[in-house]
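Engineer: have a look at this prediction, sequence included:
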Protein chains: 2
Amino acid sequence: MHIRDLGEFPLIDRIRQFLPPTGANVIVGIGDDVAVLAGQGDTYILAKVDSQVENVHFLRHRISPQQLGRRSLAINLSDIAASGGYPEYALVSLALPADTEVTWVDNLYQGLAQEATPYGVAIVGGNMARSPHDIYVDVFVLGRVPSRHLLLRSGARVGDRVLVTGSLGDAAAGLVLLLEDEERKEKGQDQSVATVVRDLSAEDQEWLMSRLYTPTPRLRESAVIAPTGLATAMIDLSDGLSSDIGHICERSGVGVRLWAGRLPISRATREVARSMGKNSWDLALDGGEDYELCFTAPPEAAEYLIATVYRETGTSVSIVGEILPATQGRRLVLEEGHEAPLDARGWEHFGRRKHSGFKEG
Amino acid sequence: MHIRDLGEFPLIDRIRQFLPPTGANVIVGIGDDVAVLAGQGDTYILAKVDSQVENVHFLRHRISPQQLGRRSLAINLSDIAASGGYPEYALVSLALPADTEVTWVDNLYQGLAQEATPYGVAIVGGNMARSPHDIYVDVFVLGRVPSRHLLLRSGARVGDRVLVTGSLGDAAAGLVLLLEDEERKEKGQDQSVATVVRDLSAEDQEWLMSRLYTPTPRLRESAVIAPTGLATAMIDLSDGLSSDIGHICERSGVGVRLWAGRLPISRATREVARSMGKNSWDLALDGGEDYELCFTAPPEAAEYLIATVYRETGTSVSIVGEILPATQGRRLVLEEGHEAPLDARGWEHFGRRKHSGFKEG
């Protein structure tokens, strides 16, 4: 059997059986956003690695090295945010074709530094290897979290509300624009291809592309949410809400009902969906790479959290669902008032499910 | 300019200028074997990442997934050993073609677990991504070191002896065998190609291949050397002694004289060199990937360290040179009594110097 037939998450579950049990120093091992390790006193150490692979996560001619540097670090900082902690250090492992321009590497590191500096992250090491074909950028981040602030995928309780920061689907809409533009180039400026981009202002296009290329890790928002002690579980939306809420359900042993009509969707993403003849909540539910936070909290705490995050950071937070008993499964209330099963259709490596972005290699 | 024209080490130096200065919590940042970070009290945290890229560090059809798993972790543990510390945790980032067999991944993880268990290392996380072409295994290791045990590339003093554990050049000799075998296959069993392997017993061949594929991280030896407080600098031999001693010279601001006749070279590697019509110390000096420790210590401490490491671990340690003032440069005493400049001719990514192993991509 090939890994494409098994899929990423079953493969990770399978691997765990080959690993010896870990000791008491490992608070959380494989299977959450970050590894949580015993640290000093009441503070845990957080560790996370995530990669960006050329032609899987990005196209070299469509993303600047600065943007790639920022993005490679941001997606890791997002996982630290999801745990309620703060990042401290990063190490960067690169594999690069030998004909890569030196200035390209300079610019990649300028992007990494740009993303690191505002959050006080020090880049303290790394590795550089030759790659025969593709560019690989692997970033490892270390952080800390006071034990009472730690938030995991487990912890959601029946009756909790499901909340998300910011807006959903923008990165997926940006990807639609990018792929349409690639197709137009391949077909030699054939204007019939440009159905989506035609309807969007240059400003909207640029904003959607920035949402795709340089997501904002929600560290400031997490630093408001976690210390309240009111949230019960948290994850960052990398694969898409329909997949990522599933991780919370699995680890917490609960079900969920999401309300499609309450998903926060930007005007630009609504326009992209309309041009495509799709429901905008398809992009919001299944599009990955938004790197917003999704968290759960008791109903009586939800409004307080929304108000506090907005006041402290200016970021809007929306209630998009509620936690159900596991027996009720995972459900989606459609805009028309119908309820349907919530399928996990987000990003999944090795390609059993929906899109895996960009070209197949 | 392409990175192949600049070379790996100048590129790393160049990158450092783009990074903001780090704070007091970063004891050692980019430029040593490991990053050293403030930890709990008198104990520092060690962090290291190193990768194995298909067709650069290994050929998929020549190394078993178990061996690759062991090797990918061992090369990182070796850096922890070089710092005088002990490893605690590992995270594994994989990029794999979608048609990789599930059992291949199983076996890779079994190899990782095999290598982790004897040293008490817990595998606590990782990442899995699709790769369009090559297999990419990136291992990140966290460890600790009591501050008084920390050994760096800096610290060597004029008059110190240069010592190495084990034997040198075995991995390079193993690589010779592997490449010869590859060539023979390409040329359809042409026996004229098999000049080296013909002279070696099957047992010697197997031993050399194991030295190449599954190096032993010298953690037990380091755990004897570091607590004595007698060593002044330490590095692991990944690029080759001629290169790696240069790193100690640069960071310590010293020169060195190595004695070719004193290099510890196994019988099997001597035979490979003889079959090739080469000096065996060419393999010992320039061949990388032995993952032995190279350290410096005052002359009066050298014999004590040799005896103690041998008694505690069974590993032989050899004096192979002495530290000189920087003004005297880096020199090699040849077996015939002549002295020549010591060129750094070891492994270097992006290919300005000698071999970079296996095929060019």
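Structural biologist: Nice, thanks for sending it over.

Engineer: what is the neighbour count of the closest residue to chain B within the stretch 101-250 of chain A?
Structural biologist: Using CB to the nearest CB, A:Pro132 is the residue of the stretch 101-250 of chain A that sits closest to chain B, at 2.2 Å. C-beta coordinates here come from the backbone N, C-alpha and C atoms, glycine included. Neighbour count for A:Pro132, taken as other CB atoms under 10 Å in any protein chain shown: 17.

Engineer: again with the one 5 residues further on
Structural biologist: Using other CB under 10 Å, A:Val137 has 24 neighbouring residues.

Engineer: kindly report the same for A:Asn25.
Structural biologist: Neighbour number of A:Asn25 under other CB under 10 Å is 13.

Engineer: with adjacent residues omitted, what lies nearest to it?
Structural biologist: A:Ala38 (4.2 Å; CB to CB, 6 or more residues apart in numbering or on different chains).

Engineer: thought the one you found was touching A:Ala47?
Structural biologist: No - A:Ala38 is beyond contact range of A:Ala47, at 11.9 Å (criterion: CB atoms under 8 Å).

Engineer: so which of those two has more stuff around it?
Structural biologist: A:Ala47 (23 against 16).

Engineer: tell me which element the more buried one falls in.
Structural biologist: strand A:43-53 (DSSP states H and E).

Engineer: show me how far the helix or strand just after that strand is from its chain's centre.
Structural biologist: Next along the chain after strand A:43-53, taking DSSP H and E as the criterion, comes helix A:65-82. Centroid separation between helix A:65-82 and its chain, computed with CA atoms, centre = their mean, to the nearest Å, is 10 Å.

Engineer: what does stretch A:290-308 give?
Structural biologist: 17 Å.

Engineer: what comes up buried for that stretch?
Structural biologist: By neighbour count with 16 or more other CB atoms under 10 Å in any protein chain shown, stretch A:290-308 contains the buried residues A:290-297, A:301-302, A:305-306, A:308.

Engineer: now those residues as JSON lines including secondary structure?
Structural biologist: JSON lines is the format used below for the buried residues of stretch A:290-308 (DSSP: H, G, I helix; E, B strand; the rest coil):
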{"residue": "A:Asp290", "secondary structure": "coil"}
{"residue": "A:Tyr291", "secondary structure": "coil"}
{"residue": "A:Glu292", "secondary structure": "coil"}
{"residue": "A:Leu293", "secondary structure": "strand"}
{"residue": "A:Cys294", "secondary structure": "strand"}
{"residue": "A:Phe295", "secondary structure": "strand"}
{"residue": "A:Thr296", "secondary structure": "strand"}
{"residue": "A:Ala297", "secondary structure": "strand"}
{"residue": "A:Ala301", "secondary structure": "helix"}
{"residue": "A:Ala302", "secondary structure": "helix"}
{"residue": "A:Leu305", "secondary structure": "helix"}
{"residue": "A:Ile306", "secondary structure": "helix"}
{"residue": "A:Thr308", "secondary structure": "helix"}
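
Engineer: dihedrals phi and psi, A:Leu200?
Structural biologist: phi -110, psi 140 (degrees, to the nearest 10).

Engineer: could you double-check that it sits in contact with A:Glu271?
Structural biologist: Yes - at 5.9 Å, A:Leu200 counts as touching A:Glu271 under the criterion of CB under 8 Å.

Engineer: can you pull the contacts of the residue nearest to A:Asn25?
Structural biologist: A:Ala38 is in contact with A:24-27, A:44-45, counting by CB atoms under 8 Å, 6 or more residues apart in numbering or on different chains.

Engineer: roughly how far does it sit from A:Pro217?
Structural biologist: Taking CB to CB, to the nearest Å as the measure, A:Ala38 falls 25 Å from A:Pro217.

Engineer: just A:Asn127 next, same as before
Structural biologist: Computed as CB to CB, the A:Asn127 to A:Pro217 distance reads 23 Å.

Engineer: for the spatially most central residue of chain A, give me its contacts.
Structural biologist: Taking CA atoms, centre = their mean, the centroid of chain A lies closest to A:Ser238, which sits 2.1 Å from it. Taking CB under 8 Å, 6+ apart as the criterion, A:Ser238 is in contact with A:75, A:78, A:244, A:288-289, A:291, A:347.

Engineer: at 6 Å instead, please
Structural biologist: A:Gly288 (CB atoms under 6 Å, 6 or more residues apart in numbering or on different chains).

Engineer: and what of A:Ser78?
Structural biologist: Contacts of A:Ser78 (CB under 6 Å, 6+ apart): A:217, A:236, A:291.

Engineer: could I get these as CSV with distance to chain B?
Structural biologist: Below are the contacts of A:Ser78 laid out as CSV (distance: CB to the nearest CB, whole Å):
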residue, distance to chain B
A:Pro217, 16
A:Asp236, 14
A:Tyr291, 15
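
Engineer: just the pLDDT for A:Asn279.
Structural biologist: In this model, A:Asn279 is scored at 88, pLDDT.

Engineer: A:Arg270 reaches A:Trp281, doesn't it?
Structural biologist: No - at 9.7 Å, A:Arg270 does not count as touching A:Trp281 under the criterion of CB atoms under 6 Å.

Engineer: more crowded one of the two?
Structural biologist: Between A:Arg270 and A:Trp281, counted using other CB under 10 Å, A:Trp281 has the larger neighbour count: 25 against 18.

Engineer: what residues of the helix or strand containing the more buried one count as buried?
Structural biologist: Following DSSP H and E, one finds A:Trp281 within helix A:280-286. Across helix A:280-286, burial judged by 16+ other CB under 10 Å covers A:280-286.

Engineer: between these, which is nearest chain B?
Structural biologist: Using CB to the nearest CB, those come closest to chain B at A:Asp286, 18.0 Å.

Engineer: how much space is there between that closest one and A:Leu258?
Structural biologist: Counting by CB to CB, the gap from A:Asp286 to A:Leu258 is 12 Å.

Engineer: repeat for A:Leu37
Structural biologist: A:Leu37 is 33 Å from A:Leu258, by CB to CB.

Engineer: do the same with A:Trp207
Structural biologist: A:Trp207 is 25 Å from A:Leu258, by CB to CB.

Engineer: who has more neighbours, those two?
Structural biologist: A:Leu258 (23 against 18).

Engineer: quick check: the more buried one touching A:Ile319?
Structural biologist: No - counting by CB under 6 Å, A:Leu258 does not reach A:Ile319; the two are 10.3 Å apart.

Engineer: re earlier: tell me the SS of the residue of the stretch 101-250 of chain A closest to chain B?
Structural biologist: coil.
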